[in-house]
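Have a look at this prediction, sequence included:
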Number of protein chains: 2
Amino acid sequence: MIMDRLYKAAAESPVCVGLDTKIDYLPACIANMDTNDGEKIFEFNKKIIDATADLAGCYKVQVACYEALGLEGMSAYARTVQYARAQGKLVIGDCKRGDIASTAEQYARGHFEGDFEVDFLTVNAYMGYDAVSPYLPYVKDHDKGLFILTHTSNPSAKDLQEQKLEDGEQVFEKMADLVEKWGGDLVGESGYSAVGAVVGLTYPEAFADIQARCPHTFFLVPGYGAQGGTGKDIADIFKRSRCAVINSSRGIICAHRGKTEGPDFVDYIRDAAAAMKEDILQWL
Amino acid sequence: MIMDRLYKAAAESPVCVGLDTKIDYLPACIANMDTNDGEKIFEFNKKIIDATADLAGCYKVQVACYEALGLEGMSAYARTVQYARAQGKLVIGDCKRGDIASTAEQYARGHFEGDFEVDFLTVNAYMGYDAVSPYLPYVKDHDKGLFILTHTSNPSAKDLQEQKLEDGEQVFEKMADLVEKWGGDLVGESGYSAVGAVVGLTYPEAFADIQARCPHTFFLVPGYGAQGGTGKDIADIFKRSRCAVINSSRGIICAHRGKTEGPDFVDYIRDAAAAMKEDILQWL
């Protein structure tokens, strides 16, 4: 089961390398290549994957950065997820898709088969269970997994997610309960279900609350590094359970910026991934 | 201002033709073409646009159906939105994107410039204002518009959107208030702001409630036809204000199914669009 595989990979390294690649992240040695921006971005990603494959528990590819470049960007997205998976790595498509019924079936097909096939997809369930159920046949029959947006790491998470319901709970707590419920009959050997949750690192108390509510839910955790989360914050989570992969994007894939424009950029990126792994594992 | 243009187009025809095109919708005359599925889907869409351009207030293109076909699907998406806009029609990219800050900026760039450029984008604001604000520079400087998911037409809208908050309001009412607020300084001559809302037709009372809360909000309304909404439901809305375009997808683009496999499929589709327009306008 795919979440068991991610659980095992995360036990080795909870580092999720976020390939939120933008054109201005590229060192000159790639930026100056005589090809289009999509090709350049794929080259950059490929070198990052090669340099970090033994350090990363998984990769998360942020589709927005590729959609921004239109068709050539989507080609870079496809090649990136295909390349990482071909190296035997687990890949999360960070697409936050959110639609229902036959439309969500189309997203499931698009992201769990064909050019854009990934192992896990992030999903926005503002529309409720109808925005989740169409993925479940793929989860069951094609060994795929989901991460549902639950409590995000941004300041305006308060606008909706932190609104208090009449029973005293907050909206994100309701979402957390739903995620735990939706994955209820999809729990693997690791004890975690194939339906995970995205929960930001920047609100430690909310994380602890969600962790307590969701004993079978594995977490994709943004917010480390550039967004302010630290190894210590993660240690608090892992003391309770080893239930998460921790994403860093800019903190890793921009580590070379201001230091080199040459092919040694991968050394800085590798060092940053290694340092993050160490920063987390030192507490365990 | 773009919402003024949509308001005027909707006064002529409130019909939004939904190009949620799937491969099994194609008549044999297109399905049997010697080309890939993406090309076939674009051919089908192009013929629909040609046949309905004078009947449709606008088009909504459901990106999920194109993502499902991978890169060739995304090429069909790009060509479809480009073709409809080249005919002078307003196009809504039904992408329901939902991410924050620099990531949402990438979505804004991807859908308001370049290959996938549309006039309006649907957005999921579960993450709050941070999921909306990055689009606003495009709204202001490039004359674009948004439709924020507010109350959707599916049964499990109750899971989150209909949860009651401690002040007695429901989550979707909170979202409606936010949408009205976020568009506050973007109101055009028509009296409607560039930040609209997606509100389903299938809950008439909720619609009336939202309409009362959001006097400056223009609505994209799914749920007509295949999903159960009728001209009478729309009449009730329009009696209060002419504040909406009404989407129908399968009800129009599948009108030929079971009737013809030949090039006359466009006649059935045109008739369905005309019938929908009449069904709505008869009440006014």
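It's in.

give me the element residue A:149 is part of.
For residue A:149, the element it lies in under DSSP states H and E is strand A:145-151.

Given that strand, what are its sheet partners and their directions?
Applying DSSP bridges, strand A:145-151 is found paired with strand A:120-123 (parallel), strand A:195-199 (parallel).

what does it contact?
Applying CB atoms under 8 Å, 6 or more residues apart in numbering or on different chains, the external contacts of strand A:145-151 come out as A:2-3, A:6, A:92, A:96, A:119-125, A:132, A:135, A:139, A:157, A:161, A:172, A:175-176, A:178-179, A:182, A:194-200, A:203, A:206-207, A:210, A:219-220, B:98, B:126-127. Glycine gets a C-beta too; all of them are placed from N, C-alpha and C.

what bridges to the most centrally placed residue in chain A?
By CA atoms, centre = their mean, the mean C-alpha position of chain A lies nearest to residue A:60, the distance being 4.3 Å. Following DSSP bridges, residue A:60 is listed with bridge partners residue A:18, residue A:92.

gap between the residue located most distally from the centre of chain A and chain B?
Taking CA atoms, centre = their mean, the residue of chain A most remote from its mean C-alpha position is residue A:166, at 32.1 Å. In this view, residue A:166 and chain B are 4 Å apart by CB to the nearest CB, to the nearest Å.

what about residue A:189, how many residues close to it?
Per other CB atoms under 10 Å in any protein chain shown, the neighbour tally for residue A:189 reads 10.

List the ones among the contacts of strand A:145-151 that fall in helices.
When these are checked against helices (DSSP state H), the matches are A:2-3, A:6, A:139, A:157, A:172, A:175-176, A:178-179, A:182, A:206-207, A:210.

of those, list those near chain B.
Contacts with chain B within the ones in helices among the contacts of strand A:145-151, as defined by CB under 8 Å from any CB of the partner chain: A:157, A:175, A:178.

With neighbour count as added columns, please give those in JSON lines.
Output for these, formatted as JSON lines (neighbours: other CB atoms under 10 Å in any protein chain shown):
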{"residue": "A:157", "neighbour count": "25"}
{"residue": "A:175", "neighbour count": "26"}
{"residue": "A:178", "neighbour count": "22"}
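
Give me the contacts around stretch A:21-38.
Applying CB under 8 Å, 6+ apart, the external contacts of stretch A:21-38 come out as A:39-41, A:43-45, A:47, A:62, A:65-66, A:68-69, A:71-76, A:80, A:250, A:253-254, A:256-257, A:260-263, A:265, B:106.

Endpoints of it, how far apart?
End-to-end distance of stretch A:21-38 (CA to CA, to the nearest Å): 10 Å.

Same check on stretch A:218-237?
Stretch A:218-237 stretches 12 Å from its first residue to its last (CA to CA).

is it up against chain B anywhere?
No. Using CB under 8 Å from any CB, stretch A:218-237 stays clear of chain B, coming no nearer than 9.5 Å.

Give the buried residues for that stretch.
By 16 or more other CB atoms under 10 Å in any protein chain shown, the buried positions in stretch A:218-237 come out as A:218-225, A:227, A:229, A:231, A:233-234, A:237.

What is the nearest of those residues to residue A:115?
For the buried residues of stretch A:218-237, the closest approach to residue A:115 (CB to CB) belongs to residue A:220, at 22.7 Å.

could you check the distance from that closest one over to chain B?
From residue A:220 over to chain B the distance is 14 Å, taken as CB to the nearest CB.

Report how many residues lie close to the closest residue to that residue other than its chain neighbours.
Setting aside the residues directly before and after it, residue A:220 is nearest to residue A:147 in space (CB to CB, 6 or more residues apart in numbering or on different chains), at 4.4 Å. By the measure other CB under 10 Å, the count of residues near residue A:147 is 27.

now swap in residue A:247 and tell me
30.

which one is it nearest to, not counting chain neighbours?
Excluding the flanking residues, the one nearest residue A:247 by CB to CB, 6+ apart is residue A:16, at 4.2 Å.

Residue A:94 contacts residue A:60, doesn't it?
Yes. Contact criterion CB atoms under 8 Å: residue A:94 and residue A:60 qualify, at 5.0 Å.

Name the residues contacting each of those two.
residue A:18.

ok, back up a step: top of the ones in helices among the contacts of strand A:145-151 by neighbour count?
Of all those, the highest neighbour tally under other CB under 10 Å goes to residue A:3, namely 32 neighbours.

related to what we said a few turns ago, take the strands paired with strand A:145-151 and lay them out in a markdown table including mean pLDDT and mean neighbour count.
A markdown table is the format used below for the strands paired with strand A:145-151 (pLDDT from 0 to 100; neighbours: other CB atoms under 10 Å in any protein chain shown):
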| stretch | mean pLDDT | mean neighbour count |
| --- | --- | --- |
| strand A:120-123 | 98 | 27 |
| strand A:195-199 | 97 | 29 |
